[in-house]
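S.K.: Sequence plus predicted model, see below.
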Amino acid sequence: MRIGSNVWPGYEFLYLARESGFFPGNLVRLVELASATACIQGLASGSLDGACLTLDETLTAIASGQSLKVIAVLDISHGADVVLARPGTNTLSDLRGKRIGLEQSAVGAVLLDAALRKGGLSPKDVSLVHLGIEAHVLAYTSGKVDALVTFEPVVTQLKAQKAVRLFDSAQIPGRILDVLAVRTEVAGMNPAALRSLVAGHFRAREFFDKFPQASHAMISRRLKVAPSEVPGTYLGLQLPDLQENRSWLAGEKSRLETSAVALQEVMLAAELLPKAVDVSRLADVRFLP
């Protein structure tokens with residue numbers, strides 16, 4: 001089972017599970033990619049069986065014709081996705097005329113849309129510079145952009161540059177979720193691999209709490225921060241445990257479906273989604289241990 005992801009603290013428990021030997025045999029292969037866009041492309045081409053995506057990215061993929069199931073909620077962003085600006089840019093309205101770097105993905109667009117609205121601005125008032133997450137730090141330090149719509153570990157990496165936090169996902173609670181999504185056609189082909197994958201995630205979460213020093217050392221290498229900085233990258237994230245995942249995915253009308261419907265309305269109104277999609281059977285609770 002080939003599962004893609006970009007670098008993000010909420011996804012790192014899968015890699016921690018791999019490094020700790022929590023995936024038996026060769027049931028699961030984690031594929032490290034540069035961006036969520038690459039993950040969506042991998043799902044579309046069939047080179048990936050599943051991917052770690054935000055909920056809005058999942059809706060975008062479905063709107064493009066893909067059939068996906070969400071088998072786990074990995075995290076809920078509550079301050080981890082951030083609009084950062086250079087010192088001297090102290091309010092959202094100060095972004096007028098500025099160059100704002102962001103990933104060409106729905107999550108960046110959702111956060112930027114909310115930030116601009118709060119600042120009384122429109123997209124026409126700023127210049128957008130589309131950048132992969134791997135280019136965010138260099139774009140900021142080299143002066144290519146004046147502000148960034150970004151996330152961890154970039155937020156921690158730019159602390160030394162005294163970047164100003166203007167807006168974050170805590171101000172739009174419940175709108176940015178990270179999920180584990182798999183192609184519907186493969187969901188029934190290898191249930192053992194999917195159960196192993198999801199169980200490994202939750203086992204790694206327990207390992208993270210019980211053995212923080214070893215966990216931080218392993219995670220720091222992928223996040224490219226010091227081991228002592230790893231806990232800080234999780235401060236803006238809520239990490240649903242197994243019981244909370246059941247509350248998100250179970251039921252005739254799941255909590256995930258309710259959140260997806262509300263998010264879809266926001267995306268359609270902001271023209272961030274080309275059309276409405278059916279989310280009534282998006283959640284699949286069968287693979288939770």
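M.R.: Noted; the coordinates are in hand. Numbering: from 1, shown residues only.

S.K.: Check residue 156 and give its pLDDT.
M.R.: Note for residue 156: predicted pLDDT of 88.

S.K.: what sits up against the helix or strand in which it is found?
M.R.: Taking DSSP states H and E as the criterion, residue 156 maps to helix 154-157. Helix 154-157 has contacts (C-beta atoms under 8 Å, 6 or more residues apart in numbering) with 80, 82, 84, 133, 136-137, 148, 163, 165, 223-225, 229, 232-233. Bear in mind the C-beta positions are built from the backbone N, C-alpha and C, glycine included.

S.K.: Try it again at 7 Å.
M.R.: Helix 154-157 is contacted from outside by 82, 84, 133, 136, 137, 225, 229, 232, 233, using C-beta atoms under 7 Å, 6 or more residues apart in numbering.

S.K.: So among the residues you listed, where is pLDDT lowest?
M.R.: Least confident of the contacts of helix 154-157 in the model: residue 133, at 88.

S.K.: Please give me every residue in contact with that residue.
M.R.: Residue 133 is in contact with 6, 35, 103, 154, counting by C-beta under 7 Å, 6+ apart.

S.K.: one more time with 6 Å, if that's ok
M.R.: Neighbour list for residue 133: residue 103 [criterion: C-beta atoms under 6 Å, 6 or more residues apart in numbering].

S.K.: gap between it and residue 107?
M.R.: According to C-beta to C-beta, to the nearest Å, residue 133 stands 11 Å off from residue 107.

S.K.: For the helix or strand harbouring residue 82, which strands pair with it and how are they oriented?
M.R.: Element membership of residue 82, judged by DSSP H and E, is strand 81-85. Neighbouring strands of strand 81-85 in its sheet, by DSSP bridges, are strand 147-151 (antiparallel), strand 164-168 (antiparallel).

S.K.: what's in contact with the last one?
M.R.: Pointing back at strand 164-168 there. The contact list for strand 164-168, computed with C-beta under 6 Å, 6+ apart, reads 79, 82, 83, 85, 87, 92, 115.
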